[in-house]
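Enquirer: Quick one, fold the following:
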Amino acid sequence: MQRIINNPDYIVDEMLDGFVRAHADIVERTSNPRVIRSTFHKNGKVGIVTGGGSGHKPAFVGYVGKNMCDAVAVGEIFSSPTAVAFLDAFRTADSKNGVACLYGNYSGDNMNVKMAVKMAAKEGITVKTVVANDDVASAPSDQSKKRRGVAGEILMWKIAGAASEKGYDLDAVISVAQKAIDNTKSVGIGIAPCTLPAVGHPNFEIKPGTMEVGIGHHGEPGIEVVPLESASDMAKRMVSIIMNDTVYQEDDEVVILVSGLGATPVMELYVLFSEVSKLLDEKKIRIHEALVGNYFTSLEMQGASLSVMKLDDELKELFDMPCYSVGLKKKEAKNELI
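Expert: Predicted coordinates for the structure are as follows:
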């Protein structure tokens with residue numbers, strides 16, 4: 001294993017130090033070294049908080065910023081932040097209008113968020129939650145509450161951050177964040193594993209010449225392992241899985257997110273997106289906007305994830321609002337440069 005690290009036991013803290021130093025215009029430290037907040041946070045609105053394990057850069061800390069998340073709790077690599085970290089994130093994001101905690105459906109996160117919400121309530125901080133479950137490969141549709149949250153969380157944060165900025169109250173922010181994740185479906189394909197720095201060897205196996213369909217961001221088992229396919233066939237497989245899970249009609253508008261898993265060249269992601277867009281063109285489904293790049297990774301895993309968010313008028317308006325974070329930057333007019 002060849003890495004640019006010092007002591008692997010301190011890699012998360014050293015990463016956060018570099019992240020804050022590099023992006024001091026967007027984020028800043030708090031009294032808790034595992035809680036980072038936005039420099040744009042202001043009073044008079046609902047606080048937006050997320051949190052999760054490290055190793056998924058730019059998620060989760062990369063989506064703290066203007067009209068995005070106000071604070072993030074940071075865990076060890078592939079591990080949940082502590083309940084205290086979530087509580088401190090609630091404290092720093094709260095301006096007496098309540099806090100929306102929007103996070104992925106993993107056992108450690110569920111447990112620690114629930115504890116933090118109870119502790120916050122004792123301090124007079126109202127916290128409500130939305131649990132992302134966009135990974136269609138992780139459970140059948142009739143068991144959707146068991147599904148994992150993956151890259152679709154980014155779209156949920158975008159929608160909720162915009163809603164908070166527009167003055168939605170806490171219940172309305174929670175409602176539209178829930179709608180955003182309900183309208184978002186994701187699936188991933190892995191073609192090579194990743195290695196945890198403190199371990200020094202892959203924590204799961206993908207044999208050369210094969211790919212794992214529906215793999216999770218921590219290497220959780222997918223639907224099946226099949227021979228490695230062309231980008232065209234991968235796109236057909238991913239689009240089919242998503243389209244079979246939700247009813248889409250002609251002229252539906254969608255946001256497409258194609259994210260690399262960490263070691264996939266961006267060039268290949270554009271090849272995959274090209275194939276996805278052709279398939280949607282055939283179905284007469286309109287792409288309102290496409291995000292292609294490394295948005296939600298898994299260390300140096302090779303592969304990609306596809307997320308599709310079906311828009312309505314409200315979601316479209318909120319998605320189009322400007323935002324500024326390390327992971328996502330949007331100007332109001334698409335033809336203006338950032």
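Enquirer: in terms of contact, does D171 touch K128 like I think?
Expert: Yes: here D171 reaches K128: they are 7.5 Å apart, a contact under CB atoms under 8 Å. Every C-beta, even on glycine, is put in place using the N, C-alpha and C of the backbone.
Enquirer: With neighbour numbers in mind, choose between those two.
Expert: Applying other CB atoms under 10 Å to D171 and K128 shows that K128 carries more neighbours, namely 17 against 12.
Enquirer: check contacts around the nearest residue to that one once chain neighbours are set aside.
Expert: The shortest distance from K128 to any non-neighbouring residue, by CB to CB, 6 or more residues apart in numbering, is to I174 (4.8 Å). Contacts for I174 were tallied using CB atoms under 8 Å, 6 or more residues apart in numbering; they are 100, 128-130.
Enquirer: For I174, which three-state class applies?
Expert: helix (DSSP: H, G, I helix; E, B strand; the rest coil).
Enquirer: Now do the buried residues in stretch 135-144.
Expert: Residues of stretch 135-144 classed as buried: 135-138, 144 (neighbour count, 16 or more other CB atoms under 10 Å).
Enquirer: how near is K128 to D312?
Expert: Look at K128 and D312: by CB to CB, to the nearest Å, they are 22 Å apart.
Enquirer: And F319, by the same measure?
Expert: F319 is 11 Å from D312, by CB to CB.
Enquirer: More neighbours: which of the two?
Expert: Using other CB under 10 Å as the criterion, F319 and D312 rank with F319 on top: 19 against 11.
Enquirer: Against which helices or strands is the helix or strand harbouring that one packed?
Expert: Using DSSP states H and E, F319 sits within helix 313-320. If you count contacts as 3 or more CB pairs under 8 Å, 6 or more residues apart in numbering; DSSP states H and E, helix 313-320 packs onto helix 152-165, helix 170-182, strand 286-293.
Enquirer: between these, which gets nearest to M111?
Expert: M111 sits nearest to helix 152-165 of all the helices and strands packed on helix 313-320, at 18.2 Å, using CB to CB.
Enquirer: so Y168 sits right up against V176, yeah?
Expert: Yes: using CB under 8 Å, Y168 makes contact with V176 at a distance of 6.8 Å.
Enquirer: Need the three-state assignment for V130.
Expert: At V130 the chain is in strand, as set by three-state DSSP.
Enquirer: Contact partners for it?
Expert: 100-102, 156, 160, 174, 177-178, 181.
Enquirer: would you list these in CSV and tack on distance to M115 and pLDDT?
Expert: Shown next, in CSV, are the contacts of V130 (distance: CB to CB, whole Å; pLDDT from 0 to 100):
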residue, distance to M115, pLDDT
A100, 18, 99
C101, 12, 99
L102, 17, 98
M156, 22, 98
A160, 22, 98
I174, 19, 99
A177, 21, 98
Q178, 22, 98
I181, 22, 98
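Enquirer: what's around I287, how many residues?
Expert: There are 15 residues near I287, going by other CB under 10 Å.
Enquirer: Excluding sequence neighbours, find me the nearest residue to it.
Expert: Closest to I287 by CB to CB, 6+ apart is I256, at 5.5 Å.
Enquirer: neighbours around V20, how many?
Expert: The burial count for V20: 15, using other CB under 10 Å.
Enquirer: Helices along the stretch 1-150 of the chain, start to end?
Expert: Secondary structure of the stretch 1-150 of the chain by DSSP state H, counting those that start in this stretch: the helices cover 11-22, 83-93, 107-122.
Enquirer: Flag every buried residue along the first one.
Expert: Neighbour-count burial for helix 11-22 flags 11-12, 15-16, 19 (criterion: 16+ other CB under 10 Å).
Enquirer: between those, which is closest to L196?
Expert: I11 (9.8 Å).
Enquirer: Surely the closest one touches E76?
Expert: No: counting by CB under 8 Å, I11 does not reach E76; the two are 9.1 Å apart.
Enquirer: Would you mind listing the residues touching both of those two?
Expert: Listed as contacting both I11 and E76 by CB under 8 Å, 6+ apart are S54.
Enquirer: Point out where the chain drops to low pLDDT.
Expert: Within the chain, the ranges that satisfy pLDDT under 70 run 332-338.
Enquirer: looking at it, which residue lies furthest from center?
Expert: K122 (29.4 Å; CA atoms, centre = their mean).
Enquirer: For that residue, give me its contacts.
Expert: By CB under 8 Å, 6+ apart, K122 has no neighbours at all.
Enquirer: can you tell me how far it sits from M301?
Expert: Applying CB to CB, the value for K122 to M301 is 40 Å.
Enquirer: Equivalent analysis for V255, please.
Expert: Applying CB to CB to V255 and M301 gives a distance of 23 Å.
Enquirer: Then R148?
Expert: 15 Å.
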